[in-house]
Structures are given as C-alpha cells and as structure tokens.
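Novice: Provide a 3D model corresponding to the input given below.
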Amino acid sequence: MIGLIVTGHGKFASGLASALNLIAGPQKNFYAIDFEGDETPNELEVHLRQAFEGLKECNGIIVYSDLPGGTPFKTSVMLSLEYPNTHVISGTNLPMLCEMALVRSFEDDVNVLAQKTIYTGQEQVVKYEMKHVSPANNLK
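Specialist: Numbering: from 1, shown residues only. Take a look at the predicted model:
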C-alpha cells in the first residue's frame, strides 16, 4: 500500500483528514500533520519525519501539501530526498485526496498514483454556471 501524508498551514491537514474519514472511513498508513502558527519549522520537520518513518515500509509515499513553496511543502521536499519512492504534491483538494485514499489499495506504483492524483485534482476544480431559462421555455 502507498502511504499518505497531508500537511499544511493551520488546521488544513486535520480538516482534510476529518472530511476524508467521514467520506471514505478511517485510513491506514495515513498521517495528517498541521503546521500551527506557534510551531517552528524545526518542530514541523520532527512531526513530518515521524510520519515518514511510520510509512517507510509502504510501497511509496505521497505527501499532499497546501501551498507550493510554503514551509510544509519545502520541509516535505527536503525529507523526501531521504525516502525512496516519495512524491510531494501541492495544491491539495478533498476530491483528489478521497480518490487516492480509495485507489491506493489497488495501485502499488507510487508514480502512477501521483500522476492520477494531479489529474483528479485538476479535473475536480469546476465553476458552477447557472443556465438562464426563460419562463416561455418552461411551458413547452
């Protein structure tokens, strides 16, 4: 199984984890690491390292972060250099996380799963547009 880590600023990670558990059930090989305002980057690194260590027996690891270039992202990238078969993805959204949580039990190739993650995340960003229907059209 592929291990998953979600990290981000504030309660980003724990909020997504809460929603994911509600939708897809409790997850195995999954860590949510928040980066709170009173936490230092070094403290974040310690928490992320514990998560990486907890997943080192997995077939690979995907780290989902909120912002590219933010502290959770940069720290994850630096740690990923120490762990083979690790991908760090930013711009995480709930649809991508839900699908990957379900698909990872069937897909052992972390590279394939990382690519599917990006595709799903992009496809699930949509804008709702209301189509105007005139009253005369409703009578037909």
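Novice: quick one: residue 107 and residue 88, what's the gap?
Specialist: For residue 107, the distance to residue 88 equals 18 Å [C-beta to C-beta, to the nearest Å]. Where you see a C-beta, it was placed from the backbone N, CA and C, and this is true even at glycine.
Novice: more neighbours, these two?
Specialist: Neighbours per residue (other C-beta atoms under 10 Å) separate residue 107 from residue 88, with residue 88 holding more: 22 against 16.
Novice: is it correct that that one falls within a strand?
Specialist: Yes - using DSSP: H, G, I helix; E, B strand; the rest coil, the secondary structure at residue 88 is a strand.
Novice: which residues does it contact?
Specialist: 62, 63, 65, 73, 76, 77, 80 (C-beta atoms under 8 Å, 6 or more residues apart in numbering).
Novice: contact partners for the first one?
Specialist: With contact taken as C-beta under 8 Å, 6+ apart, residue 62 is in contact with 2-5, 86-89, 100, 110, 113-114, 117.
Novice: and residue 75, how many neighbours does it have?
Specialist: Per other C-beta under 10 Å, the neighbour tally for residue 75 reads 24.
Novice: now do the one 3 residues further on
Specialist: Other residues lying near residue 78 total 12 when counted by other C-beta under 10 Å.
Novice: hmm, who's touching the host helix or strand of it?
Specialist: Applying DSSP states H and E as the criterion places residue 78 in helix 71-80. For helix 71-80, contacts defined as C-beta under 8 Å, 6+ apart pick out 5, 7-9, 33, 35, 41, 44-45, 48-49, 52, 61, 63, 65-67, 86-88, 90.
Novice: can you list the buried residues in stretch 76-96?
Specialist: Of the residues in stretch 76-96, 76-77, 79-80, 83, 85-90, 92, 96 count as buried by neighbour count, 16 or more other C-beta atoms under 10 Å.
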